[in-house]
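K.L.:
I'll drop the sequence and a predicted model, then ask my questions.
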Amino acid sequence: MSVVEIIDHDEVIYRILDKPPPEPPKTPRYESELEKQLKELKIPKLQKTFGYAETPLNPPDQFLKKGEGIGQPIKKSDHKCYVSGKLPPVPRRTVSGKKPEKPKTNFKVLNIKKAIKTKPKPVEPRLVDTRDGHIKKIKGSGEIPEYCLRKDFGQMPAYLVNRNRRIQKKIDKIKYAEEHKESLCKLISEQERQALLKDLKYNWQLLQKDFLQLPMLTDTIPKILRKTKMEQELRQLEKDIALIESNPYIYIYD
């Protein structure tokens, strides 16, 4: 058996294996023709974020000349002035040769008359109390009596007079009400007295009937309390009946 040695060969294992099928080609992406035109027409602009590294200066011949600055805006108005026939006529120009007429009143004479009639300002009394010439007004200083010379000195003020008058009116009103008030004590008539006596006797009969119906044996506390209470009511009714029978004239208070 012979062995064959293969020294020169270009065989690779990756070429022996089957290759995967190729991917299908992608459909071309839609591109707008208008967008291409806009990109061509677009002018690049500087990004105004941080500004220029160095401030660009104008050349020397482009300095600011007179009238080229930014002035105040002129306000435009649609107003129109219409001249009407009701306006007064324009005054005529005075002739330079004529002098204006002087007023006939003589102001010098008027001023002299006013000066004669005017009274001088009264001199305010003052007091010099030091050798250095310190001046003090006498009025209000207490040097001369002023308050005691007033017309209303020693008289009661008006607000106190009005206050006393209001108090006196209230006192008079209270006195009048006390003098003319109706008496609280009232005399009852004979018919009312008899009706009251009749009612008291009727109540006494009803209570006496209930009292007689009580049991003879009072062996519990409620029975004792009820019996004592009815006895007290009977005594009170008997006292009232005796009082009304013995007194023909009875007064009551409202």
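P.N.:
Received, thanks.
K.L.:
which residues does the nearest residue to residue 129 once chain neighbours are set aside bridge with?
P.N.:
Leaving out its chain neighbours, the residue that sits closest to residue 129 by C-beta to C-beta, 6 or more residues apart in numbering is residue 136, at 5.7 Å. From N, CA and C alone the C-beta is placed, and that goes for glycine too. Counting by DSSP bridges, residue 136 forms beta bridges with residue 127.
K.L.:
What's the local residue count around residue 136?
P.N.:
For residue 136, the count of nearby residues is 12 (other C-beta atoms under 10 Å).
K.L.:
That one: what's it in contact with?
P.N.:
Contact criterion C-beta atoms under 8 Å, 6 or more residues apart in numbering gives 126-129 as the residues in contact with residue 136.
K.L.:
and the gap between it and residue 60?
P.N.:
When distances are taken as C-beta to C-beta, to the nearest Å, residue 136 and residue 60 turn out to be 80 Å apart.
K.L.:
And the next helix or strand past the least confident helix or strand in the chain by mean pLDDT?
P.N.:
The helix or strand with the lowest mean pLDDT-type score in the chain, counting by mean pLDDT, DSSP states H and E, is helix 13-16 (a mean of 69). Toward the C-terminus, helix 13-16 is succeeded by helix 33-41 as the next helix or strand (DSSP states H and E).
K.L.:
So what's the residue count around residue 243?
P.N.:
12.
K.L.:
Give the helix, strand or coil label for it.
P.N.:
Each residue gets one of three states, and residue 243 gets helix by DSSP: H, G, I helix; E, B strand; the rest coil.
K.L.:
Could you pull up the residues touching it?
P.N.:
Residue 243 makes contact with no residue, according to C-beta under 8 Å, 6+ apart.
K.L.:
which residues sit in contact with residue 138?
P.N.:
Each residue near residue 138 by C-beta under 8 Å, 6+ apart is listed here: 125-127, 144.
K.L.:
switch the cut-off to 6 Å
P.N.:
Taking C-beta atoms under 6 Å, 6 or more residues apart in numbering as the contact definition, residue 138 lies against 125, 127.
K.L.:
what's the answer for the one 3 residues further on, then?
P.N.:
Not one residue lies near residue 141 by C-beta under 6 Å, 6+ apart.
K.L.:
Same question for it, what's its three-state structure.
P.N.:
Taking three-state DSSP as the rule, one finds residue 141 in the coil state.
K.L.:
Quick check: it vs residue 129, distance?
P.N.:
Using C-beta to C-beta, one obtains 9 Å as the distance from residue 141 to residue 129.
K.L.:
Just the pLDDT at residue 233, thanks.
P.N.:
At residue 233 the predicted local confidence, pLDDT, stands at 93.
K.L.:
Quickly find the element holding it.
P.N.:
Residue-wise, residue 233 maps onto helix 221-246 under DSSP H and E.
K.L.:
Secondary structure element for the residue positioned nearest the centre of the chain, which one?
P.N.:
With distances taken as C-alpha atoms, centre = their mean, the residue of the chain nearest its centroid is residue 159 (33.8 Å). Applying DSSP H and E as the criterion places residue 159 in helix 158-179.
K.L.:
Put the alpha carbons of that helix into CSV.
P.N.:
As requested, the backbone C-alpha atoms of helix 158-179 are provided in CSV (Å, rounded to 0.1, in the frame of the first residue of the first chain):
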residue,chain,number,x,y,z
ALA,A,158,-72.2,124.1,75.2
TYR,A,159,-71.7,120.3,75.1
LEU,A,160,-72.2,120.0,78.9
VAL,A,161,-75.4,122.1,78.7
ASN,A,162,-76.8,119.8,76.0
ARG,A,163,-75.8,116.7,78.0
ASN,A,164,-77.5,118.0,81.1
ARG,A,165,-80.6,118.8,79.1
ARG,A,166,-80.8,115.3,77.7
ILE,A,167,-80.3,113.8,81.2
GLN,A,168,-83.1,116.0,82.6
LYS,A,169,-85.4,115.0,79.8
LYS,A,170,-84.9,111.3,80.6
ILE,A,171,-85.5,112.0,84.4
ASP,A,172,-88.7,113.9,83.6
LYS,A,173,-89.9,111.1,81.4
ILE,A,174,-89.3,108.4,84.1
LYS,A,175,-91.1,110.5,86.7
TYR,A,176,-94.1,111.1,84.4
ALA,A,177,-94.3,107.3,83.7
GLU,A,178,-94.2,106.5,87.4
GLU,A,179,-96.9,109.1,88.3
